[in-house]
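Novice: mind looking at a prediction? Sequence and model below.
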Amino acid sequence: MRRHVLPGFGISLGYALTYLGLIVLLPLAALAWKASGIGVAGLLHLLSSPRTLAALRLSFGGALLAAAVNAVIGLLVAWVLVRYRFPGRRLFDALVDLPFALPTAVAGIALTTLYAPNGWLGGWLATWSIKVAYAPLGVLLAMVFVGFPFVVRTLQPVLESLDRDVEDAAESLGARRWQTFVRVILPMLAPTLLTGFALALARAVGEYGSVIFIAGNIPMRSEIAPLLIVQKLEQFDYAGAAALGVVMLLFSFVLLVVVALLQRWSVRWTESGR
Amino acid sequence: MSALVSARPVAWSRRLVRGALVLLAVGFLALFLLLPLATVFVEAFRQGAAIYLTSIRQHESLAAIRLTLLVAAIAVPLNLVFGVMAAWAITRFDFRGKALLGAFIDLPFSVSPVISGLVYVLLFGAQGWFGPWLDAHGVRIIFAVPGLVLATIFITLPFVARELIPLMQSQGSEEEEAARVLGASGWQMFFRVTLPNIRWALLYGVLLCNARAMGEFGAVSVVSGHIRGLTTTMPLEVEMRYNEYDFAGAFAVASLLALLALMTMALKTLLEWRYGNEIAAHAPGGH
């Protein structure tokens, strides 16, 4: 009945599907098709190259680590912004979006300038012989930067709507503050925290602009997988670039499925615990 | 009595923990976010305002600014129309494969920007699907403006749709149905009922879409070819100057992009603050 009252079903769906097909699906089909061109032997050759493996390890390992760091710091920042009142809170709240809004190339050169050995923070860190820029640590730093807002922004609305009665109940039953946090609040936040983790992870895995400046791009050490794709393209190795692209997409897909499963498990665990 | 005695140290220690947490969070935000932002402006003006202005007035910078505006002016309206169309179909009608369509709309967010550019090279590049045909007809897409536009559209496709879908879902279609029953035409219904209901969320989505469109680096860098003055958008101009050790110039162009980011953040905060409940049922960061 409703379907007859409102107009535009055919045209809106048709337009959306055509647009999506032309902009997203057709190009991705070209990617899959080009990638299949290198064959099984080519794929094995690509994946047995130590340089490719090192880049994939850095991109995925770094992104996992960065997302984990963001989960911890994001939880702290979201908690402070939601629960406490202090001067400048609104300003700091707005500041959280900076990594979303600041173009990655700008973030990249700014972070590099700050953390380079002759930079403001880099020089200071160098006195403890900590090398950030032009080292794997720099890659991690840039990945934490770009993924930072995801955890905070997914947690905030949930933290705001969290039922404080449960906390009060826990405390009146004699739980200490940290016990309440670890055993009551954290389990309630776990599914949301995992959502934020997954978003930060997906962003960091493919990140290019902010990373390439600070990484120094030393083969086998601080070279990320997206950069290898660009290099293959510049050498007109289209099939190799496409294959590496598909490998990256498949890896990300598997990772995100694992996180989704973890999330489902944590929801069930929280609900059964109640 | 004993409860009264122990109450004071607990409250005191709690205040200490609270203060420490606030200090930690604020310190992190300042060091990790504010400092890089400040660096952009400090470096841009390091050699003085005169050099800054000269860098920005250079032909290459102006060409990059024009190109960035042009690309965003094409990509953002196209994704705006797509977002409204997709949200209308998804939230107002039932059809098979709706969840799949939603997942496909989100797809560009989980694809590396480099891959977003790569796919168009594979389609339209010299060795691509349509490459030879385009070459024979003298049409250039890769290493030219159309490629930049396509890559930008791909990257920013989800923004508007993503803002509209949850909002329109939660608003329901009663008002629109009433308008139709009372005799409004499809367009009248859209412009008098739907559009006023979604206008702030639409603006919010366009704001985020535009910020990303003007700031995108990875995807456009793959399809650009870096032809100075012709296919370099502002982020690419920043990269080229930086790699040429023209740090003052790189940061001068970067400072314009940082200003854009600041404006976007200010407008976003304002929209959330003023129209939070009209943007979404649960606007992230809205209070």
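Specialist: On my side now, so go ahead.
Novice: in the stretch 101-250 of chain A, which spans are helices?
Specialist: A:104-115, A:120-126, A:136-161, A:164-172, A:177-180, A:186-206, A:209-215, A:225-234, A:238-273 (DSSP state H, counting those that start in this stretch).
Novice: the longest one vs chain B: in contact?
Specialist: Yes. Taking Cβ under 8 Å from any Cβ of the partner chain as the criterion, helix A:238-273 and chain B are in contact, through A:238, A:241-242, A:245, A:248-249, A:252, A:256. To be clear about C-beta, it is placed using only N, CA and C from the backbone, and glycine gets the same treatment.
Novice: make TSV from those and add pLDDT to it.
Specialist: Converted to TSV, the residues of helix A:238-273 next to chain B look like this (pLDDT from 0 to 100):
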residue	pLDDT
A:238	91
A:241	94
A:242	95
A:245	95
A:248	94
A:249	94
A:252	90
A:256	85
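Novice: stretch A:56-76 and chain B, any residue contact?
Specialist: Yes. Stretch A:56-76 reaches chain B (Cβ under 8 Å from any Cβ) through A:73, A:76.
Novice: in that stretch, what's buried?
Specialist: Buried residues in stretch A:56-76, counted by 16 or more other Cβ atoms under 10 Å in any protein chain shown: A:56, A:58-60, A:62-67, A:69-71, A:73-76.
Novice: ok, residues contacting that stretch?
Specialist: Residues from elsewhere that reach stretch A:56-76 (Cβ atoms under 8 Å, 6 or more residues apart in numbering or on different chains): A:136, A:139-140, A:143-144, A:147-148, A:150-152, A:155, A:189, A:193, A:196-198, A:200-201, A:204-205, A:207, A:222-226, A:247-248, A:251, A:255, B:21, B:24-25, B:28.
Novice: how distant is it from the center of its chain?
Specialist: The chain centroid and the centroid of stretch A:56-76 are separated by 7 Å under Cα atoms, centre = their mean, to the nearest Å.
Novice: for the record, mean pLDDT for it?
Specialist: The pLDDT scores in stretch A:56-76 average 97.
Novice: okay, now residue A:142: neighbour count?
Specialist: 32 (other Cβ atoms under 10 Å in any protein chain shown).
Novice: equivalent analysis for residue A:93, please.
Specialist: Residue A:93: 21 neighbours (other Cβ under 10 Å).
Novice: before we move on, what about the one 4 residues further on?
Specialist: Neighbour count of residue A:97, defined by other Cβ under 10 Å: 24.
Novice: just the pLDDT at residue A:161, thanks.
Specialist: 88.
Novice: and the nearest residue in space to residue A:144 that is not next to it in sequence, what element?
Specialist: Excluding its sequence neighbours, the residue lying closest to residue A:144 (Cβ to Cβ, 6 or more residues apart in numbering or on different chains) is residue A:66, at 4.6 Å. Assigned by DSSP states H and E, residue A:66 belongs to helix A:50-83.
Novice: how about the helices of the stretch 101-250 of chain A in CSV, adding distance to residue B:68?
Specialist: Below are the helices of the stretch 101-250 of chain A laid out as CSV (distance: least, Cβ to Cβ, whole Å):
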stretch, distance to residue B:68
helix A:104-115, 12
helix A:120-126, 29
helix A:136-161, 20
helix A:164-172, 47
helix A:177-180, 50
helix A:186-206, 22
helix A:209-215, 15
helix A:225-234, 21
helix A:238-273, 26
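Novice: ok, which of these comes nearest residue B:11?
Specialist: Among the helices of the stretch 101-250 of chain A, the nearest to residue B:11 by Cβ to Cβ is helix A:177-180 (11.5 Å).
Novice: element containing the residue nearest to the spatial centre of chain B?
Specialist: Nearest to the mean C-alpha position of chain B, by Cα atoms, centre = their mean, lies residue B:212 at 3.0 Å. In this structure, residue B:212 sits in helix B:195-215 according to DSSP H and E.
Novice: packing partners for that helix?
Specialist: Packing contacts for helix B:195-215, counted by 3 or more Cβ pairs under 8 Å, 6 or more residues apart in numbering or on different chains; DSSP states H and E, involve helix A:98-101, helix A:104-115, helix B:59-92, helix B:145-156, helix B:158-171, helix B:247-279.
Novice: which stretch among those comes nearest residue B:51?
Specialist: Short answer: helix B:247-279, nearest of the helices and strands packed on helix B:195-215 by Cβ to Cβ, at 5.3 Å.
Novice: okay, angle between that closest one and helix B:59-92 too, please.
Specialist: Interaxial angle, helix B:247-279 versus helix B:59-92 (axes from the mean of the first three to the mean of the last three Cα atoms, to 10 degrees): 20 degrees.
Novice: what mean pLDDT does helix B:247-279 get?
Specialist: With pLDDT averaged residue by residue, helix B:247-279 scores 93.
Novice: got the angle between that helix and helix A:104-115?
Specialist: Going by the same axes, to 10 degrees, helix B:247-279 makes 120 degrees with helix A:104-115.
Novice: can you list the weak-confidence ranges in the chain?
Specialist: No chain specified, so I'll use chain A. A:1-4, A:270-274 (pLDDT under 70).
Novice: you looked at the wrong chain, it should be chain B
Specialist: B:1-10, B:281-287.
Novice: whatever residue of the stretch 151-274 of chain A ends up closest to chain B - how many residues pack around it?
Specialist: Distances between the stretch 151-274 of chain A and chain B by Cβ to the nearest Cβ are smallest at residue A:206, namely 2.6 Å. Neighbour count for residue A:206, taken as other Cβ under 10 Å: 27.
Novice: test my guess that it contacts residue A:252.
Specialist: Yes. Counting by Cβ atoms under 8 Å, residue A:206 touches residue A:252, with 7.4 Å between them.
Novice: dump the residue contacts of the residue in the stretch 51-200 of chain A positioned nearest to chain B.
Specialist: Using Cβ to the nearest Cβ, the point where the stretch 51-200 of chain A gets nearest to chain B is residue A:103, with a distance of 2.9 Å. By Cβ under 8 Å, 6+ apart, the contact set of residue A:103 is A:209, B:214-217, B:234-235, B:238, B:254, B:257, B:260-261.
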